[in-house]
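S.K.: please work out how this folds:
(chains A and B)
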Amino acid sequence: NAGVTQTPKFRVLKTGQSMTLLCAQDMNHEYMYWYRQDPGMGLRLIHYSVGEGTTAKGEVPDGYNVSRLKKQNFLLGLESAAPSQTSVYFCASSYEGIGNQPQHFGDGTRLSIL
Amino acid sequence: RKEVEQDPGPFNVPEGATVAFNCTYSNSASQSFFWYRQDCRKEPKLLMSVYSSGNEDGRFTAQLNRASQYISLLIRDSKLSDSATYLCVVNSLGSQGNLIFGKGTKLSVKP
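M.R.: Numbering: from 1, shown residues only, chains lettered A, B, ... in the order given. Purely as a prediction, here's the structure:
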């Protein structure tokens, strides 16, 4: 049972390049989330999904897009990377999204934008 | 007032010490509370949920005070392996119940 798997683990991009971060979960969770974590800022929610085919904006959605075509996968895209998007990105999933259930995290993607 | 506030620390304690962290939250309607642990350069992991009556898991005790809107975590007999950042987490009723994470309190247990 792998839980939540993120790929890639590390990536360096140049400003203006695009990329997609992949999150996969094998726990049959309905809800999935993308966070970014910056020093002194804590975890901030970028986008989330309440089920296959649905997505919603979180606290800091600008510059990112997401898709949930399959229940087990949640993709985070950067169309035109900017240095301000240098961060550690965490994906998480939960059985329910009403806040009663804890979230399970992937081990993160460290992204640097030069 | 920020939604979830924690003392960032660091708390530097010797092995065997008892240490307590507090966390305050702003939304009085919040219903779910958790403590997560995050090791350096690792993902957050659930440590324990916090129940209204308080709950204990081995050396860890969590308390909830709804009237004062704060949550506490008590660690007894600290181990070197307890060194980590502890995140206070509260559900936010404003966005489908998504969780709001505090910035964390760093604990360093020394021999």
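
S.K.: how about the strands in chain B?
M.R.: Counting by DSSP state E, residue ranges of the strands within chain B are B:4-6, B:11-14, B:19-25, B:33-38, B:44-50, B:55-57, B:60-65, B:70-75, B:84-91, B:99-101, B:105-110.

S.K.: where among those is the average confidence lowest?
M.R.: Per-stretch mean pLDDT for the strands of chain B is lowest at strand B:99-101 (a mean of 89).

S.K.: enumerate the beta-bridge partners assigned to B:D57.
M.R.: B:F60 (DSSP bridges).

S.K.: er, B:C23 actually
M.R.: B:Q6, B:I71.

S.K.: surely it is in contact with B:Q6?
M.R.: Yes: using Cβ atoms under 8 Å, B:C23 is in contact with B:Q6, at 4.9 Å. Quick note: C-beta positions are derived from backbone N, CA and C, even for glycine.

S.K.: quick check: neighbours shared by the two?
M.R.: Common neighbours of B:C23 and B:Q6 (criterion: Cβ atoms under 8 Å, 6 or more residues apart in numbering or on different chains): B:C88, B:G102, B:T105.

S.K.: nearest to chain A among those?
M.R.: For those, the residue nearest chain A by Cβ to the nearest Cβ is B:G102; the value is 6.4 Å.

S.K.: residue contacts, the residue positioned nearest the centre of chain A?
M.R.: Nearest to the geometric centre of chain A sits A:W34, at 2.7 Å (Cα atoms, centre = their mean). By Cβ under 8 Å, 6+ apart, A:W34 lies in contact with A:21, A:23, A:45-48, A:58, A:64, A:66, A:74, A:76, A:89-91.

S.K.: give me the beta-bridge partners of the closest residue to chain A within chain B?
M.R.: Chain B approaches chain A most closely through B:N91 (2.6 Å), counting by Cβ to the nearest Cβ. Judged by DSSP bridges, the bridge partners of B:N91 are B:L99.

S.K.: next: B:S108.
M.R.: Going by DSSP bridges, B:S108 forms beta bridges with B:N12.

S.K.: surely it touches B:S81?
M.R.: No: with contact taken as Cβ under 8 Å, B:S108 and B:S81 are classed as non-touching, separated by 11.8 Å.

S.K.: of those two, who's got more company?
M.R.: B:S108 (15 against 8; other Cβ atoms under 10 Å in any protein chain shown).

S.K.: related to what we said a few turns ago, could I get the strands of chain B in a markdown table, plus columns for distance to A:T15?
M.R.: Formatted as a markdown table, those follow (distance: least, Cβ to Cβ, whole Å):
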| stretch | distance to A:T15 |
| --- | --- |
| strand B:4-6 | 33 |
| strand B:11-14 | 39 |
| strand B:19-25 | 38 |
| strand B:33-38 | 29 |
| strand B:44-50 | 29 |
| strand B:55-57 | 46 |
| strand B:60-65 | 44 |
| strand B:70-75 | 41 |
| strand B:84-91 | 31 |
| strand B:99-101 | 29 |
| strand B:105-110 | 32 |
